[in-house]
Structures are given as structure tokens and as C-alpha cells.
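1. generate coordinates for the sequence data below:
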Amino acid sequence: MAKTPRIAVVGSANIDLTTFTDQFPKPGETIFGQKFDLGFGGKGANQAVAAKLCGAEVFMVARVGSDLFGPATIKNFEQLGIDATQVRQVEGVSSGVAPIFVDPSGQNRILVVKGANDELKPADVEAAASVLKAADCIVLQFEIPLETVYYTIHFARKNGIRCILNPAPGQPIDVKAVADLDYFVPNESEAETISGMPVRNLEDAKKCAASLLSSGMRRVIITLGANGSLLAGRDGMEHVPAFSVKSVDSTGAGDAFIGSFAVFLGEGLPEREAVRRANLYAGLSTTGVGTQKSFYDRARFDAEWTARSKS
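-> Next up is the predicted model:
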């Protein structure tokens, strides 16, 4: 039986406000949407939930606001079995929120108001050192201050802990500050923003990955949506195809990939196999509405994996 990975997520916790609409309003125009969904989100929280549902022991390091969403977010972590002792409320600040707009094809447009997520500082990471040192893997994203991301990467390397960075939302970065990562995992738009190179197809992705590797990164995985993932290292590159699914809402698919990949890798699976399974886990998440609510638990995922890997 595979070992149970211990995963620490240092990152964001938001409330997702998802609106489904046939079209988007013009400036000054009011239109009716089709339906609305409210749920727990934030890239960090989503990745923590995906990892927990996949069977890991998960610890969350985050900040929430002094509003009605703050206690509810902490309670959600606790009910899911995620250690939330390092999730604290910040007085006088709102929780992070993400208004999400989804069109009939399942594509989404997202605005993120970071709120209390911007209050997660390097000192808070140091204060959580005992929790982080017990982890097999630390997972990071870009919805918290970059200084906190850089500090945590340095902390992980200093303590010999595997570290995965999902650079989302994409923004300019100090590439040298992230060179100590084990895995740098952007999607196409994030890879384009960070590298300055177009990423519109697999060949573009390969050129972009080569550029990122030449800048000092060890391993790069560019997620390509319905086209799967590109796994790249200094020993070569490999395209790992996606699985066919009937997508209704792609919100959170990247987070599903990151959280599940951390677990599969932590269980000792070969790297390519971990990516392949994460491709399926992410794809399955798009068959339901919302983020965390659409993630599969391990038993349900394993059943899908068994059925699909035989075909």
C-alpha cells in the first residue's frame, strides 16, 4: 500500500462567487445570468482540498478576513480534515473573494480580490516552521505576496523539502528566486506571461519550457488544458496526453492538477505516471460545477482510473 504523503499548502483561501451566463454585459449594460453558485475557493485552498481528497495528510498556512467568510473558511478546512491551526483571521481586512463568470462552453473569466491573502508574510511562514518541516512537500501559488513565496521556496530548500510552485495568476517574477524549486507548473497563459513567449500550441510550449529550464529551473510542467501536459527537464521533454471528458466548468482544474500531482508523486509513483493521473484528476474536475465541490475523492477517482487505464 502507498504511503500517506504529508503536504503543506502555503497559499490563498477565497470565496468563489460563480455566475453562469450566455453572454457578458457591455459597459453600462445590465443582463440576466442563468444561475449562481457560492463556494469555497482560492488556489491554495483548492489545492489543499484536492490533495486531501486524494488521500494525503494536509496542512494549510493561510490568512482570512474578519468577516463572515473567515470563520466559515476555517470550519470548511476542519470539516474536510485539513489541519487549519495555521489559518488565522486578520482584523480589519476582508477575506479573499473571486467573482467567476462562466460561459456556455465551460470557459471562465475570474477576478480575484486578495484581501487577507496579502497579509500572509514571511514571518507567518517562519511561525509555522514546525508544521512545514514535518511535510514531505510544500505547495505554493501566486495569490499571496511574492516575498512570501520566495521565502517559502528558500525555506523548503534549506530543509530538504520537495517544493511545487503553481505561478498563478501569472505575473513577472525574479526567476533566480524560484530556481531552487523542484517543480514549476504554469498553464499556457501563465507560462506566456512569465517567459514573454507565446504559448498557443505544443510546439510553443516546448520552446517556452526550454527557455524556463535555461533560466535555471529544474523541472517544468506546462498544463495545456484539453491537450494534456508537457513534462520538461534537462534530460528531455514529453507530452502527456489528456483524457476525454465532458467538461461543463473548467474552474479549478489547474488546482486539481497541482493537488493531485503532489499526492501521486508523494506516494512514490514515477514522475510521468503522476502527471498522467493528475491529467485525469484535473479533467474529471471539469465535469462538475464549482471548484472544491467538483473534486473527486480517492475511491471515485481510482474507479475512473481503473476503467480508463484498461481501455
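
2. hmm, who's touching stretch 15-23?
-> 31, 33-41, 69, 73, 95-104, 249, 251, 289-291 (Cβ atoms under 8 Å, 6 or more residues apart in numbering). Every residue, glycine included, has its C-beta placed from N, CA and C.

3. at 7 Å instead, please
-> 31, 33-41, 69, 95, 97-104, 251, 290-291 (Cβ atoms under 7 Å, 6 or more residues apart in numbering).

4. swap in stretch 244-255?
-> For stretch 244-255, the external contacting residues (Cβ under 7 Å, 6+ apart) are 18, 43, 46-47, 50, 100, 102, 106-108, 166, 168, 187, 223, 282-291, 294.

5. quick one: which of those residues sit in strands?
-> Here DSSP state E is the test, and the contacts of stretch 244-255 give 18, 100, 102, 108, 166, 223 as lying in strands.

6. measure stretch 218-230 end to end?
-> 14 Å (Cα to Cα, to the nearest Å).

7. stretch 62-72 too?
-> 14 Å.

8. buried residues, that stretch. List them.
-> For stretch 62-72, burial by neighbour count (16 or more other Cβ atoms under 10 Å) applies to 62-65, 67, 69-70.

9. before we move on, back to that, could I have the buried ones of the contacts of stretch 244-255 as ChimeraX selection syntax?
-> To isolate the buried ones among these in ChimeraX, judged by 16+ other Cβ under 10 Å, type:
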select :18,43,46,47,50,100,102,106,108,166,168,187,223,282,283,284,285,286,288,289,290,291,294
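
10. re earlier: closest one of the buried residues of stretch 62-72 to K133?
-> K133 has its nearest neighbour among these in A62, at 18.0 Å by Cβ to Cβ.

11. which residues touch that closest one?
-> 11-13, 44-45, 87, 120.

12. quick one: the helices in the stretch 151-300 of the chain, in order.
-> 188-195, 202-214, 253-266, 271-285, 298-310 (DSSP state H, counting those that start in this stretch).

13. and those helices as TSV, adding mean pLDDT and distance to G160?
-> Formatted as TSV, these follow (pLDDT from 0 to 100; distance: least, Cβ to Cβ, whole Å):
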stretch	mean pLDDT	distance to G160
helix 188-195	96	26
helix 202-214	96	22
helix 253-266	97	14
helix 271-285	97	19
helix 298-310	93	27
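
14. now, of these, which is deepest in the fold?
-> helix 253-266 (a mean of 28; mean count of other Cβ atoms under 10 Å).

15. that helix relative to helix 298-310, how many degrees between them?
-> 90 degrees (axes from the mean of the first three to the mean of the last three Cα atoms, to 10 degrees).

16. rewinding a little: out of the helices of the stretch 151-300 of the chain, the one nearest F243 is which?
-> Comparing the helices of the stretch 151-300 of the chain against F243 with Cβ to Cβ, the closest turns out to be helix 271-285 (4.7 Å).

17. ok, back up a step: same list, the helices of the stretch 151-300 of the chain, but as CSV with distance to V175 please.
-> Below are the helices of the stretch 151-300 of the chain laid out as CSV (distance: least, Cβ to Cβ, whole Å):
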stretch, distance to V175
helix 188-195, 8
helix 202-214, 8
helix 253-266, 20
helix 271-285, 22
helix 298-310, 34
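
18. mind listing what A45 touches?
-> By Cβ under 7 Å, 6+ apart, the contact list for A45 reads 12-13, 60, 62.

19. so which of those residues is the closest to G236?
-> Relative to G236, the closest of these is S12; by Cβ to Cβ it sits at 33.4 Å.

20. give the contact list for the nearest residue to that closest one once chain neighbours are set aside.
-> In this structure, S12 finds its nearest non-sequential neighbour in E143, 3.4 Å apart by Cβ to Cβ, 6 or more residues apart in numbering. By Cβ under 7 Å, 6+ apart, the contact set of E143 is 11-12, 42-44, 96, 112, 114, 117.

21. run the last query once more with 8 Å
-> 11-12, 14, 42-44, 96, 112, 114, 117, 168-169 are the contacts of E143 under Cβ under 8 Å, 6+ apart.

22. ditto for L38
-> 15-18.

23. surely it is within a strand?
-> Yes. Assigned with DSSP: H, G, I helix; E, B strand; the rest coil, L38 falls within a strand.

24. pairing partners for the helix or strand bottoming out on mean pLDDT in the chain, with directions?
-> Counting by mean pLDDT, DSSP states H and E, the chain has its least confident helix or strand at strand 108-110, which shows a mean of 84. The strands beside strand 108-110 in its sheet (DSSP bridges) come out as strand 96-102 (antiparallel).

25. just the C-alphas of the partner strand, formatted as PDB.
-> The C-alpha trace of strand 96-102 is given here as PDB (Å, rounded to 0.1, in the frame of the first residue of the first chain):
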ATOM      1  CA  GLY A  96     -10.300  37.000  -0.400                       C
ATOM      2  CA  VAL A  97     -13.100  36.700  -2.900                       C
ATOM      3  CA  ALA A  98     -13.200  35.600  -6.600                       C
ATOM      4  CA  PRO A  99     -16.100  36.600  -8.800                       C
ATOM      5  CA  ILE A 100     -16.100  34.000 -11.600                       C
ATOM      6  CA  PHE A 101     -18.100  34.200 -14.900                       C
ATOM      7  CA  VAL A 102     -18.600  31.000 -16.900                       C
END
